[in-house]
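Q: generate a structure from the sequence data that follows.
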Amino acid sequence: MSEREEDLAADAADAAGGLDLLLTDAALGITRRLRPDSSLLRLAAGLARRPRLVTRAAVRLGTELGQIAAGQSAIAAAPRDRRFADPAWRDNPVLRRGVQAYLAAGQTAEDLLAGIELDWRDDTRLRFLLANVIAAAAPSNNPVLSPAGWKALIDTGGGSVVRGLRALTADLASAPRVPSMVPPDAFVVGQDLAVTPGGVVYSCEQFELIQYQPVTETVYRYPLLIVPPMINKYYITDLAPGRSMAEFFVAAGHQVFVMSWRNPDARHRDWNLDTYGGAVVRALDAVREISGAAKASVCALCSGGIVTSMVAAHLSVTGELTKLASLCLGVTVLDQARAGTAGAMIDEETAAAAMAVSQARGYLDGRALAEVFAWLRPDDLIWNYWVNNYLQGRPPPAFDILSWNADTTRLPAALHHDFIKLAQANALTVPGAATMLGSPVDLSKVDTEAYVIAGAADHLCPWESCYRTTGLLGGPVRFVLSTSGHIAALVNPPGNPKASFRTAPSNPADPAGFLSESAVVPGSWWSDYSGWLAERSGGRKRSPRTLGRKGYPVLYAAPGTYVHDR
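A: Numbers count the residues shown, from 1 in each chain. Model (predicted):
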């Protein structure tokens with residue numbers, strides 16, 4: 001990839017995320033959030049009550065527009081704003097004034113919204129709407145103004161227009177109806193991605209269990225089970241070689257297993273939290289039996305972390321929590337209070353309508369989730385690719401995270417219903433308000449040592465919300481704040497010179513206290529977690545010669561069959 005393509009892919013990968021917490025808008029459609037609603041009415045009322053605020057903003061904008069017209073304005077795009085990186089945006093007086101007027105108007109609108117001081121839910125919803133309006137209005141998206149579009153038109157003799165229109169038509173023909181972020185044939189699962197050697201050693205209706213082949217002479221006694229999110233394919237943990245979490249932990253001497261979830265359809269509409277919690281219990285038991293270990297560690301990601309934490313609470317009730325050597329939760333929100341944009345979108349009316357839609361269909365379509373997620377980060381996931389794919393007629397760059405992000409799965413209606421109800425009641429913060437496999441969930445009874453990872457730029461699962469897990473679990477917690485967004489924070493292999501994370505000797509009650517006490521550690525959290533995990537893995541033993549064991553034969557070579565379900 002060229003440097004420009006690498007930057008484009010890196011920005012999109014940083015914005016990419018697990019999709020299964022966008023529970024309401026995915027069922028009802030993103031246009032519901034882009035049309036006027038009661039939040040907009042409350043904004044209008046707030047503006048009417050503050051005429052001085054409106055007047056001051058109008059005067060400031062008018063004055064700035066006058067200076068722009070006279071060529072005396074100092075407003076300029078941020079140096080890292082790639083939308084206006086082409087020198088023409090600075091050197092051409094018409095284009096420069098257009099950018100300045102756009103930036104001034106956008107800043108005025110944001111200042112007005114901040115000045116109204118709406119409640120958290122209305123403010124978050126309107127910021128989402130405003131961000132999309134501002135992003136769409138950027139002069140860089142305009143085919144008449146775009147220097148990149150004109151240059152491509154001239155360089156290709158008009159071929160860029162043909163290719164751009166062809167790409168636009170193809171993207172609009174089927175869901176998710178947003179610009180393609182990766183060529184459809186860029187990667188093949190089992191050939192380019194998910195290639196760490198291993199085999200499926202257990203299979204049931206809900207999942208296949210993959211065991212990876214050890215590559216070290218000795219391994220740690222207590223194995224590691226990875227529980228991925230339910231709406232994405234498991235291979236976010238096994239991307240391209242050198243960027244694979246599974247590959248890294250195997251090389252560090254850990255016995256690694258991962259659950260590969262089935263892609264459910266209408267036949268599986270009744271699979272709920274208990275169904276998936278029971279699946280995690282079966283996987284944990286299988287991993288212990290195959291490895292011959294009394295305990296196993298679990299590393300669970302996003303919604304997989306929600307289910308796994310509830311399973312841990314269930315095990316504490318049944319007296320089986322000793323099965324867990326340690327618990328790791330990655331970008332997982334257990335306390336849903338003010339939990340980012342996804343949390344702000346859930347209200348009683350919307351939730352009821354969303355659940356009715358998925359119940360009628362039997363599932364929530366992952367492609368609809370992908371569309372909603374793209375509009376949460378429009379500059380990175382929509383308009384970057386609008387310019388690249390349509391105005392310049394270029395194929396999007398190939399990037400493994402984005403290929404995985406496009407490989408969506410479905411969410412059963414019952415699980416969709418349970419997740420929404422869990423979020424609405426913020427039930428995991430109240431002992432006994434939720435149940436798992438018949439046991440009341442009390443996270444304070446989960447006293448297993450835990451490792452919690454959050455992403456500093458994660459807008460789907462804000463790190464402050466993830467941090468509150470440290471006050472919910474009953475045992476000692478190591479909290480690590482990784483760089484980047486929801487998924488890029490997880491896919492953070494050693495060797496990246498920009499990688500770092502923060503950690504502190506203790507966990508103050510307030511996230512701001514963590515920031516003040518924490519120190520920046522260069523490098524990847526993978527290495528930190530591997531070392532932390534090693535200390536809780538029962539020492540080392542000779543590596544097993546073969547995968548599986550009696551009663552658990554190798555059924556298929558990794559990546560198995562469920563990963564190919566469409």
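Q: so where's the stretch 251-400 of the chain uncertain?
A: For the stretch 251-400 of the chain, applying pLDDT under 70 flags the ranges 338-351, 353-354, 368-370, 373.
Q: residues touching residue 245, list them.
A: 226, 237, 238, 239, 490, 491, 526 (C-beta atoms under 8 Å, 6 or more residues apart in numbering). (Each C-beta comes from the backbone N, C-alpha and C, glycine too.)
Q: mind putting these into CSV with pLDDT, neighbour count and distance to residue 404?
A: CSV is the format used below for these (pLDDT from 0 to 100; neighbours: other C-beta atoms under 10 Å; distance: C-beta to C-beta, whole Å):
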residue, pLDDT, neighbour count, distance to residue 404
226, 98, 26, 15
237, 96, 28, 10
238, 97, 32, 10
239, 94, 25, 7
490, 88, 24, 11
491, 89, 22, 9
526, 96, 21, 17
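Q: so which of the residues you listed sit within helices?
A: residue 526 (DSSP state H).
Q: which single one of the contacts of residue 245 is nearest to residue 82?
A: Among these, residue 491 lies closest to residue 82 (C-beta to C-beta), at 21.6 Å.
Q: thought that closest one was touching residue 238?
A: No - using C-beta atoms under 8 Å, residue 491 is not in contact with residue 238; the gap is 10.5 Å.
Q: related to what we said a few turns ago, out of the contacts of residue 245, the closest to residue 193 would be?
A: If you rank the contacts of residue 245 by distance to residue 193 using C-beta to C-beta, residue 239 comes first, at 5.7 Å.
Q: what residues does the closest residue in space to the closest one that isn't next to it in sequence make contact with?
A: Using C-beta to C-beta, 6 or more residues apart in numbering and skipping residues adjacent in sequence, the residue nearest residue 239 is residue 400, 4.4 Å away. Under the criterion of C-beta under 8 Å, 6+ apart, the neighbours of residue 400 are 187, 192, 193, 239, 240, 243.
Q: can you map out the helices along the stretch 351-500 of the chain?
A: 366-376, 378, 384-385, 400-406, 413-425, 463-467 (DSSP state H, counting those that start in this stretch).
Q: hang on, the earlier thing: and the gap between the residue nearest to residue 239 and residue 275?
A: 30 Å (C-beta to C-beta, to the nearest Å).
Q: before we move on, the earlier item: can I get the helices of the stretch 351-500 of the chain in JSON lines with distance to residue 127?
A: Converted to JSON lines, the helices of the stretch 351-500 of the chain look like this (distance: least, C-beta to C-beta, whole Å):
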{"stretch": "helix 366-376", "distance to residue 127": "11"}
{"stretch": "helix 378", "distance to residue 127": "12"}
{"stretch": "helix 384-385", "distance to residue 127": "20"}
{"stretch": "helix 400-406", "distance to residue 127": "23"}
{"stretch": "helix 413-425", "distance to residue 127": "20"}
{"stretch": "helix 463-467", "distance to residue 127": "16"}
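Q: out of these, nearest to residue 279?
A: That would be helix 413-425 among the helices of the stretch 351-500 of the chain, by C-beta to C-beta, at 11.2 Å.
Q: pLDDT averaged over the closest one - what is it?
A: Throughout helix 413-425, pLDDT has a mean value of 88.
Q: and if you look at stretch 546-560?
A: 96.
Q: list the buried residues of it.
A: For stretch 546-560, a neighbour-count test (16 or more other C-beta atoms under 10 Å) marks 547, 548, 552, 558, 559, 560 as buried.
Q: which residues touch the residue sitting furthest away from the middle of the chain?
A: For the chain, the largest distance from the centre (C-alpha atoms, centre = their mean) belongs to residue 70, which lies 44.7 Å off. For residue 70, the contact set (C-beta under 8 Å, 6+ apart) is empty.
Q: how much space between it and residue 100?
A: Applying C-beta to C-beta to residue 70 and residue 100 gives a distance of 11 Å.
Q: what degree of burial does residue 293 show, as a neighbour count?
A: If you count neighbours by other C-beta atoms under 10 Å, residue 293 ends up with 20.
Q: that one reaches residue 224, doesn't it?
A: No - using C-beta under 8 Å, residue 293 makes no contact with residue 224, being 10.6 Å away.
Q: who's in contact with residue 297?
A: Contacts for residue 297 (C-beta under 8 Å, 6+ apart) come out as 222, 223, 224, 225, 324, 325, 326, 327, 328, 533, 536, 537.
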